[in-house]
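J.: coords below, sequence missing:
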């Protein structure tokens, strides 16, 4: 769970910006977007295969 505590004289906008950055770093926003709609198992396998092929291609450089 991500927690954000105020630092000294920090505004709410700055705290929100830090919170968003932490969520982005954890991959939370990407996960939420991916889970916002149903993905068929075949589509998930295809996506993961493309991801692993992309990773393997970048390692070969």
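T.: Yep, that arrived. This is a predicted model, so every value here is computed, not measured.
J.: Distance from the chain centre to whatever helix or strand residue 25 lives in, please.
T.: If you go by DSSP states H and E, residue 25 is part of helix 12-26. Counting by Cα atoms, centre = their mean, to the nearest Å, helix 12-26 is centred 13 Å from the centre of its parent chain.
J.: can you tell me the average pLDDT over it?
T.: For helix 12-26, the per-residue pLDDT values average out at 92.
J.: let's number from 47 now, not from 1
T.: Sure, I'll start numbering at 47, so the last one becomes helix 58-72.
J.: Buried residues in that helix, which are they?
T.: For helix 58-72, the neighbour count (16 or more other Cβ atoms under 10 Å) marks residue 64 as buried. (C-beta placed from N, C-alpha, C; glycine too.)
J.: Helix or strand next in line after it, which one?
T.: Next in sequence after helix 58-72, counting helices and strands by DSSP H and E, comes helix 74-81.
J.: who touches that next one?
T.: Helix 74-81 is contacted by residues 48, 69 when judged by Cβ atoms under 8 Å, 6 or more residues apart in numbering.
J.: tell me how far it is from the chain's mean position?
T.: What separates the centre of helix 74-81 from the centre of its chain is 6 Å, taken as Cα atoms, centre = their mean.
J.: Next: stretch 86-105.
T.: Relative to its parent chain, stretch 86-105 has a centroid offset of 17 Å by Cα atoms, centre = their mean.
J.: Averaged pLDDT, that stretch. What do you get?
T.: 91.
J.: Check the chain and tell me which residue is nearest its centre.
T.: Here the mean C-alpha position of the chain is nearest to the C-alpha of residue 73 (Cα atoms, centre = their mean), at a distance of 2.1 Å.
J.: how close does it get to residue 81?
T.: If you measure residue 73 against residue 81 using Cβ to Cβ, to the nearest Å, the figure is 12 Å.
J.: And residue 64, by the same measure?
T.: Going from residue 64 to residue 81 by Cβ to Cβ gives 24 Å.
J.: and residue 93, what does it touch?
T.: residue 85.
J.: which SSE is it in?
T.: Residue 93 belongs to helix 87-105, assigned by DSSP H and E.
J.: pLDDT at residue 79, what is it?
T.: With respect to pLDDT, residue 79 has a value of 86.
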